[in-house]
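Trainee: Any chance you can model this:
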Amino acid sequence: MAQGSGSSSHALQNRATTLPTDIDLETLGRQRPTTFPTLYSEIGFCVSLFGSMVMAEYFISGFNLVLPQISASLNITPESRTWPASAFTLVTGAFLLPSARLADIYGAYTVFNLGLGWFSVWSLVAGFSQNYLMLIFCRALQGLGASAFLPSGIMLLGSIYRPGPRKNIVFSLYGALAPVGFFMGIFVGGLTANFLSWKWYFWLGGILCFVFSATSLLAIPRDGTETRDSGMKMDWLGTLTIVPGLLLIVYAITDCSHAGRASPQIYVAFALGVVCLGIAAYVEGWVAKNPLLPFVIFRSQSMKPLVVSLFFTYGVFGLYLFYASFYIEIVLNIDPLQTAVWFAPMAVGGLILATVSGVLLHRLPGRALLVLSGLGNLACTMLFALMPKQPDYWAFILPAMIGATVGVDITYVVSNVFITTHMPRHQQGVAGALINSLVFLGTSFFLGIADLVSANTAHLGLRASYKAAFWLGAGCAGIALACVIFTKIGSAKSELTDEERAELEMAEQSCTPSWVA
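Mentor: Numbers count the residues shown, from 1 in each chain. This next block holds a predicted model:
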């Protein structure tokens, strides 16, 4: 035993003397991870994860374009159409933390593949929806699958790639595929709405999901044994308080514009949701041994304002997607296919911006990029809020699309790299859940608030009520931008991981002579 301990200490000392040099770190940050024996295996891995991101965005963006046709086909009233759009994001956001814990217990490989397979099945079934309730049911179960593969996907990326240029590029490409999936959803939604049936929107998406699901089974490295040996347990108290708390609060906010603010179920749901989240805060902070959301992740000075900023930023983006598509189609009387073409700059610009930001992350401070992103969010919402009745595409629509792309894509890349880099390997699942929780809960929460604002200004006319929602988005964008000022996020350079820092500290302590103490 003593001999083994001595050899281990000697290995750590050797590593301590060779690892923390600029040349070594820079080289390690650019090399292909040893998990992948060949470049082709790494490409297969990236295709699987990038494809999952594409399909998640596909079923968010394009749904808004086919929703008018679905509403006519299934007799969905205008005041009820928010639910099919928000059910997916609401369920995804509520179940991200428990799903991330399952990935910590059983391995990201298992949870990712089960989630993507489940998502594929219900994407196909949604195309067979016969009524409003069946559609909501399928959309909710789609969200359950997304809640599994999204955090486990970031967990895989964050744990396999070490801090450095290669990680920045991979995360940038992961973020860049989001606008591609977003545009693909809009484009296919426009095509099916114009020439086919809305059912084909789901069927085509489901087929693509199965293709990526089959690829991921073969390409993603297995990690089940390592995670099962970690001793991580499910936090049932946290799950039973966080999930219903989030669902009840977002339900109350989303439904209050339809049921009326004086409706008893709204007050009851909101009160119960607040109570559940209050209990969850106590459980996670002082009771749970393995909390779903450990408070230690907020130890970084920049983490708190960044989380608030991301919550508002993703809320603005969800609000913009929903109301911009309806404003263009209904207020401006543009057909779905042309609407898809108008959204094309978001895909092209997003692909360019996300890739470029991945390169710039190594050179420019993250806070500067986040400020630029915040200005983009502010611009896209204000352009629609100030838009005249007969707007010029080049003066209003195109700049707004570019602003929205700048607003979400740069933010997504910078925040992903920062959060995953500053968390140890065993908290990468929590990192993925936190990032995606902010995306989906922010979208659902502020879409509900915007729906309330729109409903209360409906007497001014449809155009004015939509503009009121955009003004709400501009205000939220301003708050997000103000929060960024308080962050201190530098450039994402090659550096040691948390585990390597801990090993070096142990090595230094073992090298310290006993007489020093």
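
Trainee: quick one: Ser48 and Cys209 touch, right?
Mentor: No - the pair Ser48 / Cys209 is not scored as a contact, 11.6 Å apart, by Cβ atoms under 8 Å. Heads up, the C-betas are built off the backbone N, CA and C, glycines and all.

Trainee: out of these two, which sits in the more crowded spot?
Mentor: Cys209 (29 against 24; other Cβ atoms under 10 Å).

Trainee: What spatial separation is found between the more buried one and Phe202?
Mentor: 10 Å (Cβ to Cβ, to the nearest Å).

Trainee: okay, and the common contacts of the two?
Mentor: Contact criterion Cβ atoms under 8 Å, 6 or more residues apart in numbering; residues shared by Cys209 and Phe202: Ser123.

Trainee: got a list of what the nearest residue to Ser41 once chain neighbours are set aside touches?
Mentor: Using Cβ to Cβ, 6 or more residues apart in numbering and skipping the chain neighbours, the partner closest in space to Ser41 is Ala219 (6.9 Å). Contact analysis of Ala219 by Cβ under 8 Å, 6+ apart lists Ser41, Gly44, Phe45, Val47, Ser48.

Trainee: quick one: which of these sit in helices?
Mentor: With helices taken from DSSP state H, the overlap with the contacts of Ala219 comprises Ser41, Gly44, Phe45, Val47, Ser48.

Trainee: tally of neighbours for the third one?
Mentor: I take that to be Phe45. The burial count for Phe45: 23, using other Cβ under 10 Å.

Trainee: wait, what's in contact with it?
Mentor: Here Phe45 is in contact with Phe36, Leu156, Ile160, Ala219, Ile220, Pro221 (criterion: Cβ under 8 Å, 6+ apart).

Trainee: Recalculate using a threshold of 7 Å.
Mentor: Counting by Cβ atoms under 7 Å, 6 or more residues apart in numbering, Phe45 touches Phe36, Ala219, Ile220.

Trainee: Surely the first one is in contact with Gly44?
Mentor: Okay, so that is Phe36. No - using Cβ atoms under 7 Å, Phe36 is not in contact with Gly44; the gap is 8.8 Å.

Trainee: what is the mean pLDDT for stretch 88-104?
Mentor: On average, the pLDDT along stretch 88-104 is 86.

Trainee: And the contacts of that stretch?
Mentor: 59-60, 111, 139-140, 142-144, 146-148, 150-152, 155, 227, 230, 232, 234-235, 239, 242-243, 246-247, 250, 292-293, 318, 429-430, 432-433, 436-437, 440-441, 443-444.

Trainee: hmm, try it at 6 Å
Mentor: Stretch 88-104 is contacted by residues 111, 139-140, 142-144, 146-148, 151-152, 155, 227, 232, 234, 239, 243, 246-247, 250, 292, 429-430, 432-433, 436-437, 440-441, 443-444 when judged by Cβ atoms under 6 Å, 6 or more residues apart in numbering.

Trainee: how far out from the middle of the chain is that stretch?
Mentor: 11 Å (Cα atoms, centre = their mean, to the nearest Å).

Trainee: ok, now stretch 31-51?
Mentor: With Cα atoms, centre = their mean, you get 22 Å for stretch 31-51.

Trainee: repeat for stretch 190-203
Mentor: For stretch 190-203, the distance to the chain centre is 26 Å (Cα atoms, centre = their mean).

Trainee: next one: stretch 384-395
Mentor: With Cα atoms, centre = their mean, you get 30 Å for stretch 384-395.

Trainee: now for the helix or strand containing Thr405, which elements pack on it?
Mentor: Thr405 belongs to helix 398-421 when assigned by DSSP states H and E. Judged by 3 or more Cβ pairs under 6 Å, 6 or more residues apart in numbering; DSSP states H and E, helix 398-421 is in contact with helix 165-195, helix 303-326, helix 344-360, helix 366-385.

Trainee: Could you rerun that using 7 Å?
Mentor: helix 132-160, helix 165-195, helix 303-326, helix 344-360, helix 366-385, helix 428-456 (3 or more Cβ pairs under 7 Å, 6 or more residues apart in numbering; DSSP states H and E).

Trainee: Convert that helix to PDB, retaining C-alpha atoms only.
Mentor: Provided in PDB are the C-alpha atoms of helix 398-421 (Å, rounded to 0.1, in the frame of the first residue of the first chain):
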ATOM      1  CA  LEU A 398     -32.900  42.000 -42.600                       C
ATOM      2  CA  PRO A 399     -31.200  44.000 -39.800                       C
ATOM      3  CA  ALA A 400     -33.600  42.500 -37.300                       C
ATOM      4  CA  MET A 401     -32.700  39.000 -38.400                       C
ATOM      5  CA  ILE A 402     -29.000  39.800 -38.200                       C
ATOM      6  CA  GLY A 403     -29.500  41.300 -34.800                       C
ATOM      7  CA  ALA A 404     -31.400  38.200 -33.500                       C
ATOM      8  CA  THR A 405     -28.600  36.000 -34.800                       C
ATOM      9  CA  VAL A 406     -25.900  38.100 -33.100                       C
ATOM     10  CA  GLY A 407     -28.000  38.100 -30.000                       C
ATOM     11  CA  VAL A 408     -28.400  34.400 -29.500                       C
ATOM     12  CA  ASP A 409     -25.500  32.600 -31.200                       C
ATOM     13  CA  ILE A 410     -22.600  34.500 -29.700                       C
ATOM     14  CA  THR A 411     -24.200  34.300 -26.300                       C
ATOM     15  CA  TYR A 412     -24.700  30.500 -26.600                       C
ATOM     16  CA  VAL A 413     -21.100  29.900 -27.600                       C
ATOM     17  CA  VAL A 414     -19.500  32.100 -25.000                       C
ATOM     18  CA  SER A 415     -21.700  30.900 -22.100                       C
ATOM     19  CA  ASN A 416     -21.200  27.200 -23.000                       C
ATOM     20  CA  VAL A 417     -17.500  27.400 -23.100                       C
ATOM     21  CA  PHE A 418     -17.300  29.500 -19.900                       C
ATOM     22  CA  ILE A 419     -19.700  27.300 -17.900                       C
ATOM     23  CA  THR A 420     -18.300  23.900 -18.900                       C
ATOM     24  CA  THR A 421     -14.700  25.100 -18.500                       C
END
